[in-house]
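Trainee: Sequence and computational prediction follow.
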Amino acid sequence: MLCFTINVPTNLVSGQDVSPESVRGLRDELFVKRNYTKYSFPVVDHRQTVNVSVGIRMLKIVDLDIKTQVLTLNVYVYMGWIDEGLQWSPQEFGGQTQLVVQSDLIWKPDLMITNGPDAFHFERTFKSTTLSVNSTGYIEWVPQTQLKTYCMTNLRDYPSDEQRCRITFEPFFDIKYVDVKPFDFYKVSTFLFDESPRYPNQEWDVTKVESYRRVDTYVEGSFARIMSFLTIRRRQSIMYYFIKLPTTVAVILSVLMMAFPPNSLKRYQLFVLSLSILLLTELVIINKTGFSGNKGVPLVLRNNAIIIVYISVMIYLSIVINRVFLMSNPWPQLTSAVANNPLLRYIGVGNYLITWTLEEGVQSGIGATINAKVSLTDSQNDWILMTLLLDKILFFSYLLFLITIYT
């Protein structure tokens, strides 16, 4: 059995303890004799403004739900303000300068996260904790809570995307009653200032945290708010390789497919294999990202769709090449001259003026290859050369497209 003992000091003064009688006397003075109430603003003159410093210290990124667009964080929420009803002279209470009390006993600012699903119930997520009260009336409250905020994701670079999420803190009251400002963590401790979460997330890394103050004016009045921006980058997990590796293999197979002549059975076999890999990858991406709420379509999803269109057109053209070679209607003379240009041999359009090898798989479906050779007329060669030329044009445009998206 493992046991822990935690000693929580209830009184602090310049590094030395004070007597329990001084602590009890101070508590009686603040909460009994002065008739302190947590339901009133912590100022003597209610025309004064309560200035509250607000900041967060991340413990862990719990989850970023791409489909619901909700970011969930475990955080410390730092709040600091001056309560004029909790000021005392240390000399009157044995030199005591600090007191630790329950958070339920004193006034606390009503903060809400205006861009979250729990906007009007944010403070209810705070558990009853202790807070520190200084003799000057300055209060430091650092409750731990689970924070949820909406985050509009941009999946253009998925699965290597970076997201910028906004967390907006706003008091319930007008700025003439309660004002907020970003807390300067440099003045407290490096523990609170550290931007990186204490417990890393397996999927996301925090790259930057920023906070700004903004005042918006409405018909009801002016309200100050703290806008914290959290920039996170997706780690290269197994999902990254599960998407990138099959896509790369499918692209290589598609290039090899187009290297085979149109009447080759291997072209059709590689087409089926490449198309199957690309479609499965598309389904995986769609299942992970969903269709709603995202700003951009993943580039890998768009590029795979274009590749599918390219290779489908190539296969269709291959079928056309193998079906129209028996046509007898000649091309116009100008077209025939272009098709028979010797320069076309350098881009893979061979000399088909003598023979054309037939494949049973082309004429009547997938089957065995026969070695029959049929002599062709000039008009038939015109048809074949023009379709082969179009096939090569599509092939080189496909290579150009691949170079463009992968460089």
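Mentor: Here it is on my side, so go on. Quick caveat, the model's predicted, so the values are computed rather than measured. Residues are numbered from 1 along each chain as shown.
Trainee: Now do the buried residues in stretch 31-38.
Mentor: Residues of stretch 31-38 classed as buried under the neighbour-count rule (16 or more other CB atoms under 10 Å) are 31, 36. Glycine gets a C-beta too; all of them are placed from N, C-alpha and C.
Trainee: now the end-to-end length of it.
Mentor: With CA to CA, to the nearest Å as the measure, stretch 31-38 spans 10 Å from end to end.
Trainee: and the gap between the residue most central in space within the chain and Pro117?
Mentor: If you average the C-alpha coordinates of the chain and look for the closest C-alpha using CA atoms, centre = their mean, you land on Gln163, 4.0 Å from that point. Here Gln163 is placed at a distance of 17 Å from Pro117 (CB to CB, to the nearest Å).
Trainee: again, but for Thr136
Mentor: Computed with CB to CB, the distance linking Thr136 and Pro117 is 38 Å.
Trainee: try Asp63
Mentor: Following CB to CB, the distance that separates Asp63 from Pro117 is 13 Å.
Trainee: if I look at these two, which residues touch both of them?
Mentor: Both Asp63 and Pro117 are contacted by Val70, under the criterion CB atoms under 8 Å, 6 or more residues apart in numbering.
Trainee: Poorly predicted segments of the stretch 151-300 of the chain, please.
Mentor: For the stretch 151-300 of the chain, residues meeting the criterion pLDDT under 70 lie at 184-196, 291-294.
Trainee: What residues of stretch 66-75 count as buried?
Mentor: Taking 16+ other CB under 10 Å as the basis for neighbour counts, the residues of stretch 66-75 that come out buried are 66, 69-75.
Trainee: which one of those is nearest Asn304?
Mentor: Ile66 (18.5 Å; CB to CB).
Trainee: So that closest one is in contact with Leu155, correct?
Mentor: Yes: using CB atoms under 8 Å, Ile66 makes contact with Leu155 at a distance of 7.2 Å.
Trainee: quick one: which of the buried residues of stretch 66-75 sit in strands?
Mentor: With DSSP state E as the criterion, strands contain 70-75 from among these.
Trainee: How about Thr130: which residues does it bridge to?
Mentor: Gln102 (DSSP bridges).
Trainee: Report the contact partners of it.
Mentor: Under the criterion of CB under 8 Å, 6+ apart, the neighbours of Thr130 are 8, 100-103.
Trainee: which one of those residues sits closest to Asn51?
Mentor: Looking at the contacts of Thr130 and their distance to Asn51, the nearest is Ser103, at 19.1 Å (CB to CB).
Trainee: ok, now which ones touch the closest one?
Mentor: Under the criterion of CB under 8 Å, 6+ apart, the contact list for Ser103 reads 126, 128-131, 141, 143.
Trainee: and if you look at Pro246?
Mentor: Contacts for Pro246 (CB under 8 Å, 6+ apart) come out as 277, 280-281.
Trainee: If we use 6 Å, what do you get?
Mentor: Each residue near Pro246 by CB atoms under 6 Å, 6 or more residues apart in numbering is listed here: 277, 281.
Trainee: can I assume it sits in a strand?
Mentor: No: secondary structure of Pro246 (DSSP: H, G, I helix; E, B strand; the rest coil): helix, not part of a strand.
Trainee: Need the per-residue pLDDT for Lys60.
Mentor: What the model reports for Lys60 is a pLDDT of 88.
Trainee: number of nearby residues for it?
Mentor: For Lys60, the neighbour count with other CB atoms under 10 Å is 15.
Trainee: ditto for Pro20
Mentor: By the other CB under 10 Å criterion, the neighbourhood of Pro20 contains 10 residues.
Trainee: separation between it and Arg27?
Mentor: The value you get for Pro20 to Arg27, if CB to CB is used, is 11 Å.
Trainee: go on, Pro90?
Mentor: 15 Å.
Trainee: same thing with Ala250?
Mentor: From Ala250 over to Arg27 (counting by CB to CB), the distance is 72 Å.
Trainee: And stretch 283-292, how far out from the chain middle?
Mentor: 14 Å (CA atoms, centre = their mean, to the nearest Å).
Trainee: before we move on, what about stretch 151-168?
Mentor: Between the mean C-alpha point of stretch 151-168 and the mean C-alpha point of its chain there is a distance of 3 Å (CA atoms, centre = their mean).
Trainee: For that stretch, buried residues please.
Mentor: By neighbour count, and taking 16+ other CB under 10 Å as the criterion, the buried residues in stretch 151-168 are 151, 153, 155-156, 158-159, 161, 163, 165-168.
Trainee: what's it in contact with?
Mentor: Contact with stretch 151-168 is made by 66, 69, 71, 114-115, 149, 225, 227-234, 239-240, 243, 289, 294-296, 298-299, as judged by CB under 6 Å, 6+ apart.
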